[in-house]
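> When you get a sec, could you give me coordinates for this:
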Amino acid sequence: MTVDKGHTNTGFVGDEGINGKKLSQAKTIDPNMYTLEIQEKKAGLETDYDPYQHRHVEHPTTSNETLIHLLKGSLGTGILAMPNAFHHAGWTVGVIGTVLIGLLCTYCIHLLVKVEYELCKRKRVPSLNYPAVAQAALLEGPNALKPLSKIIIHIVNVFLLIYQLGTCCVYVVFVSSNIKAIADYYTETDTDVRLFMLIILLPLILINGFGI
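Okay, here's the model as predicted:
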């Protein structure tokens, strides 16, 4: 009886023996072959696990939608400050710095996705979030770093919280500053920008509460 990839499973024999040989002849095969075949098959099953084939996405996106999400996440309000940054840094430093930072960010994202995919294959799970990737990477790494796996989850969550709060603050300041500029122009007043921050804060909280 044969299995995939042309391997012969000597643990199961048909009525005609192994590869047409008699059962009496099959008994003379080295018993160690059974163990080798089983281990080889088991190793093949572990390497053939594809996390992408086991993921169940509630709202999948197309390639174009994914590209738009990537651009939206990468090109935030900070891009509006690029002219001011180039004004202070100059064309040479600005262009070279922008290219280098772009390449560094792209490499880091690619490395993160690649590591997450490899860890999913080893753990045989469909996906891992950021804290779980960090913990699994330390557990699979050197023994000296394995004790850090217990606290790395909290460290990653703290950095994610700081990042999300910073992003929200930037957008609130950006929207409030534009509303203030328009309001001051038509009312000929100088209203504190913090008042507009409080005004838009309530709608933003309600939007988050409704899950929009």
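
> okay, now the residue lying closest to residue 116 once chain neighbours are set aside: neighbour count?
Leaving aside its sequence neighbours, residue 116 sits nearest to residue 133 (Cβ to Cβ, 6 or more residues apart in numbering; 5.0 Å). Every residue, glycine included, has its C-beta placed from N, CA and C. Residue neighbour count, defined by other Cβ atoms under 10 Å, stands at 19 for residue 133.

> and what of residue 152?
What residue 152 shows, counting by other Cβ under 10 Å, is a neighbour count of 20.

> List the residues that contact it.
By Cβ atoms under 8 Å, 6 or more residues apart in numbering, residue 152 lies in contact with 131, 134, 135, 138.

> Name the helix or strand for it, please.
helix 149-187 (DSSP states H and E).

> What residues sit buried inside that helix?
Neighbour-count burial for helix 149-187, counted by 16 or more other Cβ atoms under 10 Å, picks out 149, 152, 153, 156, 172, 176, 179, 180.

> Which residue comes closest to the fourth one once chain neighbours are left out?
Taking Cβ to Cβ, 6+ apart, and ignoring the residues beside it in sequence, residue 156 has residue 131 as its nearest neighbour in space, at 4.5 Å.

> Can you say which helix or strand has that neighbour in it?
Counting by DSSP H and E, residue 131 is found in helix 130-140.

> Check which helices and strands that helix is in contact with.
In terms of contacts (3 or more Cβ pairs under 8 Å, 6 or more residues apart in numbering; DSSP states H and E), helix 130-140 is packed against helix 91-123, helix 149-187.

> In CSV, list the ones you listed along with mean pLDDT.
Below are the helices and strands packed on helix 130-140 laid out as CSV (pLDDT from 0 to 100):
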stretch, mean pLDDT
helix 91-123, 92
helix 149-187, 91
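
> Quick one: residues contacting the residue nearest to residue 116.
112, 115, 116, 119.

> ok, now how distant is it from residue 84?
36 Å (Cβ to Cβ, to the nearest Å).
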